[in-house]
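S.K.: Got a sequence here, can you build the structure:
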Amino acid sequence: MGKQFKVLKISSNWSLEKLRQKLEDTLNTHSKQGWDVVNISFLDNTYTAFVTISK
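M.R.: Just a heads-up that it's a prediction; the model follows:
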């Protein structure tokens, strides 16, 4: 079987700092499970990030 990919949506309604904390926690959790970050994208004017990971 080839690589497995996931796209994670992480958002916060409060602030960029809250988004950063949620993003960091999510990345640390998935990293411990053996996932690698492929890409991180942010939406303009919203507190939303999309993270592509692979394993």
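
S.K.: just the helices in the chain please.
M.R.: Along the chain, counting by DSSP state H, helices occupy 16-32.

S.K.: okay, and for it, where does confidence drop off?
M.R.: For the chain, no stretch is flagged by pLDDT under 70.

S.K.: try 90 this time
M.R.: Applying pLDDT under 90 to the chain flags the ranges 1-2, 13-16, 43-46.

S.K.: I'd say K9 and T52 touch.
M.R.: No. Using CB atoms under 8 Å, K9 is not in contact with T52; the gap is 10.9 Å. C-beta: built from backbone N, CA, C; applies to glycine.

S.K.: so how far does stretch 43-55 reach from one end to the other?
M.R.: 25 Å (CA to CA, to the nearest Å).

S.K.: what number of residues lie near the nearest residue to V37 once chain neighbours are set aside?
M.R.: The shortest distance from V37 to any non-neighbouring residue, by CB to CB, 6 or more residues apart in numbering, is to I53 (5.8 Å). Look at I53: counted by other CB atoms under 10 Å, it has 21 neighbours.

S.K.: Look at the closest residue to S31 other than its chain neighbours and say how many residues are nearby.
M.R.: Spatially, and ignoring its direct neighbours in sequence, S31 is nearest to V37 (7.9 Å; CB to CB, 6+ apart). Neighbourhood size, V37 [other CB under 10 Å]: 13.
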